[in-house]
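Student: Have a look; sequence and predicted model below, questions after that.
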Amino acid sequence: MGTAKLTLDGQVLELPTVVGTEDEVGIDISKLRKETGAITLDYGYGNTGSCESAITFIDGEKGILRYRGYAIEELAEQATFAEVCYLLIHGELPERSQLDAFVQKLTYHSMIHEDMKKLFEGFPPTAHPMAVLSSMIVSLATYYPHANENVDLNIMRLLAKAPTLAAISYKKSIGQPVVYPRNDLSYTANFLHMMFAVPAEEYTVSPVLDRALNLLLVLHADHEQNCSTSTVRMVGSSDANLYASIAGGVCALWGPLHGGANQRVMEMLARIYEDGNDYRKYVDKAKDRNDPFRLMGFGHRVYKNFDPRAKILKRVADEVLDELGIDNPLLDIAKNLERVALEDEYFIERKLYPNVDFYSGIIYSAMGIPTRFFTVLFALGRLPGWIAQWKEGRDSPKTRINRPRQIYTGPKLRPYVPLDRRG
Ligand code: ACO
């Protein structure tokens, strides 16, 4: 690929292009400000590449999502979450012995320092679990202050301890005793055990739920430079430690326009149900420019034809509810909303399709996960992606501290007026 030419006030600047493995073209503007004094302005960064990355490929027009070259459909069908973590972080699928060693470490590091349990006591039972999770992840930096000196070990610690932290925050919020991790269970089964076992009763992890959770985590494991991942890379670009960088990602994911959407989807479906099940009224509200209401779980910055993860989850939602014998009226509302919206000119024109969050909430709720806790599950799934992206940014010689520019629109220089003369 050649160069791009930019003409600014008669000055012509030749800008080199960078071409990715899938023929994506980027115009390298790193010399723009030095040569012309101008910067580019791109609200929401929709046209801006912030890095080169070998981790995840998305083609939003074609509905393609691949981790390290492997199609999400194949990984969802065949891989365990532990394998996907290894793949994202190390770049290749593990051989049997590598996977065994990886899983052994995931198990071995799953306990948290006993003192950390005291930190949970400072939160009110009503605390949002994303606030607790981000606080607890950054608190790990106080127990492992040299995280950036032994990165691989701390990556394993973070991956192994995150489900334990999440499950303790849940148990605390409902006033139940904490359940310790079990080394004989898989990553996902252990998490379900810590969430739902109670000392007074036998608890056996349902294979249906275990499979569904594994799939949900795999589907959420990475999604290239989205809001939370860019946050992780941005925090990491200042050489902040692993725990601080990932805690930043958890906070970014919390927002309802990002990972928090799955909680909002369920709240929206419940609201429609309680309001007489008139889903058409809500489709009309979403179309009304004077009404701030949006159909949660619809639309995506990148996917403009369909979200491949939503396609897989739609099928799984049916299977899980079927196998568990759950008849959820909210799923019927979801299906009706989807049908009506997909036939509606407003949604067709704007290429608004159900995204991954539209179905994940229905499955989480069938699993017994409370609505406020959904985004925590998203965070657990996204953890290996954040880690891989943080590591890639850290290891790349091209990484500089992330520091965007701005176009200043405030007042020009004006003299300070002393307080007694301001009236
Ligand atoms: N309901 C109704 N209208 C919508 C919706 C929606 N869910 N999403 C977008 N639109 C409309 C906008 O009003 C706008 O219309 P206009 O052109 O007439 O002004 C147009 O579609 C484009 O929308 P933008 O907000 O410019 O699209 P953007 O790419 O910035 O936003 C986003 C994407 C944030 C996901 C948006 O679609 C949205 O708010 N969806 C609902 C929240 C949601 O489900 N978030 C989860 C995203 S997936 C994830 O994080 C895993």
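Tutor: Sure thing, it's come through.

Student: Taking the stretch 251-400 of the chain, what residue is nearest to the ligand?
Tutor: Nearest residue of the stretch 251-400 of the chain to the ligand (Cβ to the nearest ligand atom) works out as Gly299 at 2.3 Å. Every residue, glycine included, has its C-beta placed from N, CA and C.

Student: got the contact list for that residue?
Tutor: Gly299 sits next to 350, 352-353, 355 when contact means Cβ atoms under 8 Å, 6 or more residues apart in numbering.

Student: now with 10 Å?
Tutor: By Cβ atoms under 10 Å, 6 or more residues apart in numbering, the residues touching Gly299 are 257, 261, 286, 307, 347, 350-355.

Student: Quick one: the helices in the stretch 1-150 of the chain, in order.
Tutor: Per DSSP state H, counting those that start in this stretch, the stretch 1-150 of the chain carries helices over the ranges 32-36, 72-78, 81-90, 96-108, 116-121, 129-143.

Student: Rounded mean pLDDT for the third one, please.
Tutor: By that I understand helix 81-90. Mean pLDDT, computed over helix 81-90, is 98.

Student: State which strand of this structure is the longest.
Tutor: Ranked by residue count, the top strand of the chain under DSSP state E comes out as strand 11-19.

Student: Are there helices or strands packed against it, and which ones?
Tutor: In terms of contacts (3 or more Cβ pairs under 10 Å, 6 or more residues apart in numbering; DSSP states H and E), strand 11-19 is packed against strand 3-8, strand 25-27, helix 32-36.

Student: Any regions of the stretch 1-150 of the chain where pLDDT drops low?
Tutor: Along the stretch 1-150 of the chain, segments meeting pLDDT under 70 span 1.

Student: How about the residue in it that the ligand sits nearest to: what's its closest non-neighbour residue?
Tutor: Of the residues in the stretch 1-150 of the chain, the one nearest the ligand is Gly44, at a distance of 5.9 Å by Cβ to the nearest ligand atom. Once flanking residues are discounted, Gly44 sits nearest to Arg301: 7.7 Å by Cβ to Cβ, 6 or more residues apart in numbering.

Student: which SS state does that neighbour fall under?
Tutor: At Arg301 the chain is in coil, as set by DSSP: H, G, I helix; E, B strand; the rest coil.

Student: contacting residues around Tyr108?
Tutor: So Tyr108 contacts 156-157, 160, 183 (Cβ under 10 Å, 6+ apart).

Student: again with Thr142
Tutor: Listed by Cβ under 10 Å, 6+ apart, the contact partners of Thr142 are 113, 115-116, 119, 243.

Student: Get me the contact residues on this structure for the ligand.
Tutor: 44, 257-259, 261, 286, 294-301, 350, 352, 355-357 (Cβ under 6 Å from any ligand atom).

Student: 5 Å instead, please
Tutor: 257-258, 261, 286, 294-295, 297-299, 301, 350, 355, 357 (Cβ under 5 Å from any ligand atom).

Student: ok, those vs Ser230, which is closest?
Tutor: Proximity of these to Ser230 was ranked by Cβ to Cβ; the top entry is His258 with 10.8 Å.

Student: how close does Ile362 get to Tyr67?
Tutor: Separation of Ile362 from Tyr67 (Cβ to Cβ, to the nearest Å): 24 Å.

Student: swap that for Val250, please
Tutor: Relative to Tyr67, Val250 is positioned 21 Å away (Cβ to Cβ).

Student: Mind checking which of those two has more residues around it?
Tutor: Counted by other Cβ atoms under 10 Å, Val250 and Tyr67 do not tie: Val250 has more neighbours, with 29 against 23.

Student: neighbours of the spatially closest residue to the more buried one that is not a sequence neighbour, just the number please.
Tutor: Excluding its sequence neighbours, the residue lying closest to Val250 (Cβ to Cβ, 6+ apart) is Ser134, at 4.0 Å. When neighbours are defined as other Cβ under 10 Å, Ser134 has 21 of them.

Student: Surely Ser134 and Cys251 touch.
Tutor: Yes - Ser134 lies in contact with Cys251 (Cβ atoms under 10 Å); the separation is 5.1 Å.

Student: In the stretch 301-423 of the chain, mark out all the helices, start to finish.
Tutor: Assigned by DSSP H, counting those that start in this stretch, the stretch 301-423 of the chain shows helices spanning 308-324, 329-343, 345-349, 356-366, 374-395.

Student: quick one, which of those helices is packed in tightest?
Tutor: Among the helices of the stretch 301-423 of the chain, judged by mean count of other Cβ atoms under 10 Å, the one packed with the most neighbours on average is helix 356-366 (a mean of 26).

Student: Which neighbouring elements make contact with it?
Tutor: helix 207-220, helix 261-274, helix 308-324, helix 329-343, helix 374-395.

Student: Can I get those in TSV including mean pLDDT?
Tutor: Shown next, in TSV, are those (pLDDT from 0 to 100):
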stretch	mean pLDDT
helix 207-220	94
helix 261-274	91
helix 308-324	86
helix 329-343	87
helix 374-395	97
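
Student: so which of those gets nearest Gln406?
Tutor: helix 374-395 (22.4 Å).

Student: quick one, that closest one and helix 129-143 angle?
Tutor: Computed by axes from the mean of the first three to the mean of the last three Cα atoms, to 10 degrees, the angle separating helix 374-395 from helix 129-143 equals 40 degrees.

Student: Export helix 374-395 to PDB, keeping only CA atoms.
Tutor: Provided in PDB are the C-alpha atoms of helix 374-395 (Å, rounded to 0.1, in the frame of the first residue of the first chain):
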ATOM      1  CA  PHE A 374     -24.100  -9.700  35.700                       C
ATOM      2  CA  THR A 375     -21.300  -7.200  34.800                       C
ATOM      3  CA  VAL A 376     -19.000  -9.000  37.200                       C
ATOM      4  CA  LEU A 377     -19.300 -12.100  35.100                       C
ATOM      5  CA  PHE A 378     -18.500 -10.000  32.000                       C
ATOM      6  CA  ALA A 379     -15.400  -8.800  33.800                       C
ATOM      7  CA  LEU A 380     -14.300 -12.300  34.700                       C
ATOM      8  CA  GLY A 381     -14.600 -13.300  31.100                       C
ATOM      9  CA  ARG A 382     -12.800 -10.200  29.800                       C
ATOM     10  CA  LEU A 383      -9.900 -10.600  32.300                       C
ATOM     11  CA  PRO A 384      -7.600 -12.700  30.000                       C
ATOM     12  CA  GLY A 385      -8.200 -10.200  27.100                       C
ATOM     13  CA  TRP A 386      -7.300  -7.200  29.300                       C
ATOM     14  CA  ILE A 387      -4.200  -9.000  30.600                       C
ATOM     15  CA  ALA A 388      -3.100 -10.000  27.100                       C
ATOM     16  CA  GLN A 389      -3.600  -6.400  25.800                       C
ATOM     17  CA  TRP A 390      -1.800  -4.900  28.900                       C
ATOM     18  CA  LYS A 391       1.100  -7.300  28.300                       C
ATOM     19  CA  GLU A 392       1.300  -6.600  24.600                       C
ATOM     20  CA  GLY A 393       1.300  -2.800  25.200                       C
ATOM     21  CA  ARG A 394       4.000  -3.200  27.900                       C
ATOM     22  CA  ASP A 395       6.200  -5.400  25.700                       C
END
